[in-house]
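K.L.:
Coordinates only, no sequence provided:
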């Protein structure tokens, strides 16, 4: 099919490790659950006015990218099954072009997830350490511009990646992008939590009234819980996507080595892990955010819609 299947193609060098095949039903079930849960997040953020803030807009963007990934991966698996049944010709020009579109959207969802995490991390940093100027810095107008830039950049990058994916240079750029974003976001979170400890000590040492100090501590605790939630989200993203990128590195470094071939035989498990990321994220939102849990409950019970519109 496309580059995503090319990475799973067996090389001429055979190893003692048989390829691990995951049933189509597993892929399809994960895709359906991921699609439903992320759509629920998107609709919740759109309908609930209390969630109309820059941070939740970025979370909504992340959920939208996960929705695209789940939908496209489901459609790709259906195409693979139809091709195996002889209903689709893999070499047909229309199928090839459609597969390129699918691969472009998958690349876009990956790059978009990273940009969304970066935007969320920056938003949390400004919320915690520039609280008095936050609403002047992160206006909804600027948030919309940032989101538009993210989606446009990810769309163009994804098309270029798929068009030139056979080039080793593009594979290297893809891996470097993953590592660079990983380092930047990790550095930002580590720096954020180091400063947080210093600020927490300063708040404790302030010679203010107990009521005012309590309010500051409550605000600080709420901000840090938000930062912790996003740190968990980012950690899950890394865990779910890292095996795929290690697979990509192996293709470039040792494509004919039997030990590397053993790792490549697990490719379908790596894809399952990637798809599971779209299921885990909404579960973390619901577990960590009381406002989202309340919104989900109202949506599922179809009550109090006037409150949100």
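P.N.:
Thanks, I have it. Small disclaimer: the values here were computed from a predicted structure and weren't measured.

K.L.:
quick one: the strands in the stretch 101-250 of the chain?
P.N.:
Per DSSP state E, counting those that start in this stretch, the stretch 101-250 of the chain has no strands. Nothing in it meets that criterion.

K.L.:
Spatially nearest residue to the spatially most central residue of the chain (excluding sequence neighbours)?
P.N.:
In the chain, the C-alpha nearest the mean C-alpha coordinate belongs to residue 113, at 3.7 Å (C-alpha atoms, centre = their mean). Excluding the flanking residues, the one nearest residue 113 by C-beta to C-beta, 6 or more residues apart in numbering is residue 65, at 5.2 Å. Where C-beta positions appear, they are placed from N, C-alpha and C, glycine not excepted.

K.L.:
which residues touch that neighbour?
P.N.:
The contact partners of residue 65, taken as C-beta atoms under 8 Å, 6 or more residues apart in numbering, are 108-109, 112-113, 116, 154.

K.L.:
so what's the residue nearest to the centre of the chain up against?
P.N.:
Contacts for residue 113 were tallied using C-beta under 8 Å, 6+ apart; they are 62, 65-66, 237.

K.L.:
okay, those residues in JSON lines with distance to residue 36 next?
P.N.:
Written out in JSON lines, the entries for the contacts of residue 113 read as follows (distance: C-beta to C-beta, whole Å):
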{"residue": "62", "distance to residue 36": "16"}
{"residue": "65", "distance to residue 36": "16"}
{"residue": "66", "distance to residue 36": "11"}
{"residue": "237", "distance to residue 36": "20"}
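
K.L.:
So which of the residues you listed is the closest to residue 40?
P.N.:
residue 66 (11.3 Å; C-beta to C-beta).

K.L.:
in which helix or strand would I find the closest residue to that closest one other than its chain neighbours?
P.N.:
Closest residue to residue 66 in three dimensions, ignoring its sequence neighbours and counting by C-beta to C-beta, 6+ apart: residue 278, at 3.9 Å. Element membership of residue 278, judged by DSSP states H and E, is helix 267-288.

K.L.:
Residue 99 now?
P.N.:
Counting by DSSP H and E, the element that carries residue 99 is helix 93-129.

K.L.:
quick one: buried residues of that helix?
P.N.:
Of all the residues in helix 93-129, those buried under the rule 16 or more other C-beta atoms under 10 Å are 95, 98-100, 102-128.

K.L.:
Spatially, which pair of the contacts of residue 65 is furthest apart? Let me know, please.
P.N.:
The widest separation within the contacts of residue 65, taken as C-beta to C-beta, falls between 108 and 116 and amounts to 11.8 Å.

K.L.:
Tell me the pLDDT of residue 152.
P.N.:
Predicted confidence (pLDDT) for residue 152: 93.

K.L.:
For it, give its distance to residue 111.
P.N.:
Per C-beta to C-beta, to the nearest Å, residue 152 is found 12 Å from residue 111.

K.L.:
try residue 273
P.N.:
From residue 273 over to residue 111 (counting by C-beta to C-beta), the distance is 18 Å.

K.L.:
for the protein, what helix or strand is lowest in average pLDDT?
P.N.:
Ranked by mean pLDDT, DSSP states H and E, the helix or strand of the chain with the weakest confidence is helix 3-6, at a mean of 50.
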